[in-house]
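[1] Provided below are the primary sequence and the corresponding predicted coordinates.
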Amino acid sequence: MQGGKEKGRQDTAAPAIELRGISKAFGAVQANKDISISVQPGTIHGIIGENGAGKSTLMSILYGFYKADAGEIFIRGKKVQIPDSQAAIATGIGMVFQHFKLVDNFTVLENVILGAEGGALLRPSLAKARKILTELEREYELHVDPDALISEIGVGKQQRVEILKALYRQADILILDEPTGVLTPAEADQLFRILDRLKAEGKTIILITHKLREIMEATDTVSVMRRGEMTATVKTAETSPEELAELMVGRKVLLRVDKAPAKPGDKILEVENLRVVDDKGVARLKGVSLDVCAGEILGIAGVAGNGQSELLEVLGGMLGATGTIRVNGQPLPLAGKGADGRARRAAGIAHVPEDRQRKGLIMDFMAWENMAFGYHHDAAYQSNSVLMDNGAIQRETAAKMERFDVRPPAPRLFARNFSGGNQQKIVVAREIERNPDVLLVGQPTRGVDIGAIEFIHRQLIALRDAGKAILLVSVELDEIMSLSDRIAVMFDGQVMGERLPHETNETELGLLMAGIRGEAA
Amino acid sequence: MTFVHKFLSTAAALALSAGAALSEPALIFDLGGKFDKSFNEAAFNGAKRWADESGGTFREIELQSEAQREQALRRFAEAGANPIVMTGFAFGNVLGEVAPDYPDTKFAIIDMVVDAPNVRSVVFNEHEGSYLVGMMAAMASTSGTVGFIGGMDIPLIRKFACGYVQGVKAVNPDATVIQNMTGTTPAAWNDPVKGSELTKAQISQGADVVYAAAGGTGVGVLQTAADENILSIGVDSNQNYMHPGKVLTSMMKRVDNAVYEAMKMGENLETGFNVMGVANGGIDYAMDEHNAPLVSDEMKAAVDGAKDQIASGALAVHDYMSDNACPVE
Amino acid sequence: MQKMPAWADAILVPLISLLLAALLSGLVIIGIGEDPIAAFKLMVDGALMRSAGWGYTLYYATNFMFTGLAVAVAFHARMFNIGGEGQAMLGGLGVALACLYVPWPHWSLAILGSCLAAMLFGAAWALIPAWLQAKRGSHIVITTIMFNFIAASLLNYLLVNVLRPQGAMDPATAKFPEPTHLPTFRDMFSTSETILFRGSPANVSFFFAVLACVLVWLLIWRTRLGYDIRAFGHSEPAAQYAGISPVRITVVALLISGALAGLMAVNTTQGEAERLILNSTEGAGFIGIAVALMGRSHPLGVFLAAILFGFLYQGGAELALWTNIPRELIVVIQALVILFTGALDNMVRMPLERLFLSLRREG
């Protein structure tokens, strides 16, 4: 079975995957327009593009989730129809999703065979699977304990299980969608080593990402997508990040943030010994202390889930805690009355939350309603003691949308109908225009296109230069390195250390993020 | 085909004539529904008997909502239905308001008195019939303990119970009567499971004859009594046939007769107060081939004697509703 | 990306659902050998072509407006208040107490008093489930439905043992005194030569229901509280981010909901029966759910849907009067409408969305 496939692959010099003239429209939106790619077997091909450029749609067509309106798919030189994911698996395509599709309380082995049990009885197929799995692990150095529960292994290993799942189903074409979003730099490096190994064994890999660095490091060839079209396909060795960025956005982009040195003033935000224990009794913050001065950006680096979110939520009044928070020397209550978001805003803290779609915005509210969100009790927004002055809010929204270049500048459009970048601009506009003393910013550029990233970064720098204190949380180390005036690394609910950006490097920060302190610095 | 056709044409005709005069009688059932094996069903049977004999037709409606009482009355009256018969005391208030608006229409209400010139109020002396079956129960009982299971706890049902107890005590002053009511809401009229449970409870206390005055709930009482091999007494209609040889008798409240007569009189319905009792055959106990072996000649002689006395006025059974009290327990 | 125009969402979807329900009901009627077209004509004639028919239609609609608004307000806070029935029962108790034990000089004052009592009692009945939901996370669907049973039992006890006049058969209160009787449509609109709305129970509380629709609209879309309720309903984490207290909004939204459900009792108890009877709600609390679903939780939608359901109720009564369609089948027809407009909404919506998308692509 496997032998036959193996043979077929080596006989042909045809591309592993060839797409010709793929088009797909959703209503009036042309998600993919006449796209053609050809990927040679045994290579890693990158696809890069901004959010909404059509990368995911294209891969969904390849994996059988959508049916293309026009175009043809050739796998190993043979024209195929892929009506569903079963057909995709049968043609040897495997997909590793951004959000893993694993059952938490199953073991690795059980997850691998899930959906491919191959018989009514579980035991024989488990035994067979164990054998195949051991071989696969040895062959590709994908070390995972087959009997460990998914809930007990780390994110990096969970990703390997996804890869194993695809290999178990005899995939020789692997599609990875934003695979490094949840990984530490070290885990990401390991992933790329595994991909190299797979490539060496003759597998073909398609890597979807928006990170230019990964494209440059890992791929052989790269295709750039913009607004549903394929703008270029080039050999990675013959291009540069600047050129790719320009191809993605359609104009020249400043990749490095241009900023003057900080002139830190008084301590505005002081945090001492902050502790949080969650509902399940797990300590999420274990005595966090830090300060942010006027005119300074303090960047918090760390792998997601090490207490950064809780820190932001406590400061933003969404989560109770013990410890001390002072703004301009005034202590703020940490639990009970006066410890909510409204009170924090009154105290001068504005907050751009990590998850704008779940927290920062109400997706089913119109833009103007969102522009008042959290500030809707403001006197300026009321026409009398009972009714709100919706007209005033709408006029103000129109002006702010203009200033922050929100597109389209339509106050009556629902939030969910804006692109990710424009949604984020609405949140940033709302919070920054309040002229707060302290701005909390969580993942400001997650899922935001490069053009908007640049804009948002400039706004943050401008606010810093206006003498405000900014606390920035981001899992993108690049972003932390380029924006921060000071960097604190969090691991397991604690601050592992503080560094100055020009005196450190990614390796040292990566070690701190992994909880290893000491040898460096 | 012809069946459907007939329906189509009648429905179409109805649609056209919904407001026009039709001088059929009409029958309105209370919320309990038409086929309750008891009160409403007896009314329906009376109407059907009239229809079969006269070849006429009648309109009927089962109410869904309290607010429909008045609506049904008015709509039938406006459509020219005459007379309009309704079952149940709950129509009392509404009829009192509606009747004066339609002086040319005759109404008949059962179990309630409405004082209006075009209304015939039919009430039954249930206490008299209950007295008679109480006597039979006491005579048939070997344990000296008999049971009574009422439906909803309202004065009307206490009237049944009081007459029954008087009859029992008349035969055997030392007898014990266990009394239970099924509930305090209209749901008590249709809860055979509860009826069955109460019967079992009474049996465990020694009862060997139970009298069910509980509408549809009585079905469960009669069933359990038959299953447990004791005797039961039915109510309203003749229920002897339901468990031949296990139902001692039935206290017949001839609602069917009342409806039948009202419809037979048609537009010339005799209005006013109409008491149906033992004297005029409106109340009786049931005898047929199903219970003949259970009723001894001696028993029958005693009961018939009491019946004559009541009819002649020589024996007065106390009516609970006259003073909301019962002289015996 | 808007999948289809707003008008299609608000009008076309319910309309098609209704047509489907009507079609299926027609088949059911044919199945028992009656003529569906004649039946429909009967319903329209009986419910809409006579003033008394309107009197009934609007009487039922008044109930459904109050209970529909009650469900709608809770819906905006993403809560499913199934307890409208129990809250309305308690509202009835409030109305009865207000009417029986306060010597009102005139109906205009009496209705204000009874409205206040109905709202207080209805809201109080919603308070415990609301508090349990907000503080203990006990699911509102479970607790409110349980409170319906408790309300029925409580009312039963009070009517049988406390409020029933001596010697009465019905478990009901005494008749309310004359000054509390509300003017009916007949009193308001009849002239000396023509009597309109004869015998129909529609009364002045209908206008209170319309007023309630307007006030709820203002509350939801023009006040800070309404903003808080909607924000909380759309996203609890976002509400928390904005400093909107989940506990406060849960409790307040359900109190308003309970008060609206309680108001229904003014119509049935004071307006129609003029005494409190045991089952005065007759399922209107549950119909309110269908009304709110069909009306998209918008007061205008609730208003229209309530009138539609009023028509179905009154038309159903007419069917029962003039045809041989049994009572149970009339309930089936009403249930079909609820099923199609409420529960099977997506069955119509999704094909329609696809149709609009393909139309747009061609256009």
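    It's in. Residues are numbered from 1 along each chain as shown, chains lettered A, B, ... in the order given.
[2] Leaving out chain neighbours, which residue sits closest to residue C:276?
    Of all residues not flanking residue C:276 in the chain, residue C:96 sits nearest, at 3.8 Å (Cβ to Cβ, 6 or more residues apart in numbering or on different chains). C-beta coordinates here come from the backbone N, C-alpha and C atoms, glycine included.
[3] check which helix or strand covers that neighbour.
    Under the criterion DSSP states H and E, the helix or strand holding residue C:96 is helix C:84-101.
[4] So what's the gap between that helix and the chain middle?
    Here helix C:84-101 shows a centroid-to-chain-centroid distance of 16 Å under the convention Cα atoms, centre = their mean, to the nearest Å.
[5] Please identify the buried residues of that helix?
    The neighbour-count check on helix C:84-101 (16 or more other Cβ atoms under 10 Å in any protein chain shown) flags C:84-100 as buried.
[6] Packing partners of that helix?
    helix C:51-76, helix C:107-131, helix C:140-157, helix C:246-265, helix C:284-294 (3 or more Cβ pairs under 8 Å, 6 or more residues apart in numbering or on different chains; DSSP states H and E).
[7] so what does the fourth one touch, helix or strand wise?
    The contact analysis (3+ Cβ pairs under 8 Å, 6+ apart) places helix C:246-265 against helix C:51-76, helix C:84-101, helix C:107-131, helix C:205-222, helix C:224-234, helix C:236-241, helix C:284-294.
[8] what sits against residue B:328?
    By Cβ atoms under 8 Å, 6 or more residues apart in numbering or on different chains, the residues touching residue B:328 are B:162, B:165, B:166, B:169.
[9] Oops, could you answer that again for residue A:134 instead?
    With Cβ under 8 Å, 6+ apart as the criterion, the residues that contact residue A:134 are residue A:146.
[10] Now the helix or strand hosting it: average pLDDT?
    Per DSSP H and E, residue A:134 falls inside helix A:122-140. pLDDT averaged over helix A:122-140 equals 82, rounded to a whole number.
[11] Tell me, how many residues neighbour the residue nearest to residue A:257 when sequence neighbours are not counted?
    Excluding the flanking residues, the one nearest residue A:257 by Cβ to Cβ, 6+ apart is residue A:482, at 4.5 Å. Here the count is done by other Cβ atoms under 10 Å in any protein chain shown, and residue A:482 has 16 residues near it.
[12] Could you list the contact residues of the stretch 101-250 of chain B toward chain C?
    When proximity is defined by Cβ under 8 Å from any Cβ of the partner chain, the stretch 101-250 of chain B lies next to chain C at B:101, B:153, B:154, B:155, B:156, B:184, B:185, B:186.
[13] could you redo the last one with a cut-off of 10 Å?
    Selection of the stretch 101-250 of chain B residues close to chain C by Cβ under 10 Å from any Cβ of the partner chain yields B:101, B:111-112, B:152-157, B:183-187.
[14] Return only those of the residues you listed found close to chain A.
    For chain A, no contacts are drawn from those by Cβ under 10 Å from any Cβ.
[15] which of those residues sit farthest apart?
    B:101 and B:183 (35.8 Å; Cβ to Cβ).
[16] Which one of the two is surrounded by more residues?
    Each of residue B:101 and residue B:183 had its neighbours counted (other Cβ under 10 Å), and the higher figure belongs to residue B:183 (18 against 14).
[17] Nearest residue to the more buried one in space, please, no chain neighbours.
    The shortest distance from residue B:183 to any residue other than its chain neighbours is 6.1 Å, reached at residue B:152 (Cβ to Cβ, 6+ apart).
[18] Could you do residue C:283 as well?
    In space, and not counting its chain neighbours, residue C:283 is closest to residue C:85: 7.0 Å by Cβ to Cβ, 6+ apart.
[19] now swap in residue A:336 and tell me
    For residue A:336, the closest residue by Cβ to Cβ, 6+ apart turns out to be residue A:320, at 7.7 Å.
[20] Just the element for the one you found, please.
    Assigned by DSSP H and E, residue A:320 falls outside every helix and strand.
[21] So which of the contacts of residue B:328 wins on neighbours?
    Neighbours were tallied for each of the contacts of residue B:328 (criterion: other Cβ under 10 Å), and the maximum of 28 neighbours falls on residue B:162.
[22] Provide the secondary structure category for that residue.
    Put simply, residue B:162 is helix when judged by DSSP: H, G, I helix; E, B strand; the rest coil.
[23] so it makes contact with residue B:325?
    Yes - with contact defined as Cβ atoms under 10 Å, residue B:162 counts as touching residue B:325 (8.5 Å).
[24] Between those two, which contacts overlap?
    Residues touching both residue B:162 and residue B:325 by Cβ atoms under 10 Å, 6 or more residues apart in numbering or on different chains: residue B:318.
[25] Do you have the strands of chain B handy? List them.
    With strands called from DSSP state E, chain B shows them at B:26-29, B:59-62, B:84-87, B:107-110, B:119-124, B:145-152, B:176-183, B:209-213, B:231-236, B:247-253, B:272-276, B:283-285.
[26] Check which residues of stretch C:45-56 are buried.
    C:45, C:46, C:47, C:50, C:51, C:52, C:53, C:54, C:55, C:56.
[27] for these, which one is nearest residue B:78?
    Checking those one by one against residue B:78 (Cβ to Cβ), the nearest turns out to be residue C:52, at 8.7 Å.
[28] My read is that that closest one contacts residue C:189, right?
    No - when contacts are counted by Cβ under 10 Å, residue C:52 is not listed as touching residue C:189 (11.5 Å).
[29] quick one on the thing from earlier: check contacts around the residue nearest to residue A:257.
    Contacts of residue A:482 (Cβ under 10 Å, 6+ apart): A:255, A:256, A:257, A:258, A:259, A:299, A:457, A:476, A:501.
[30] Okay, and which of those residues map to helices?
    With helices taken from DSSP state H, the overlap with the contacts of residue A:482 comprises residue A:457.
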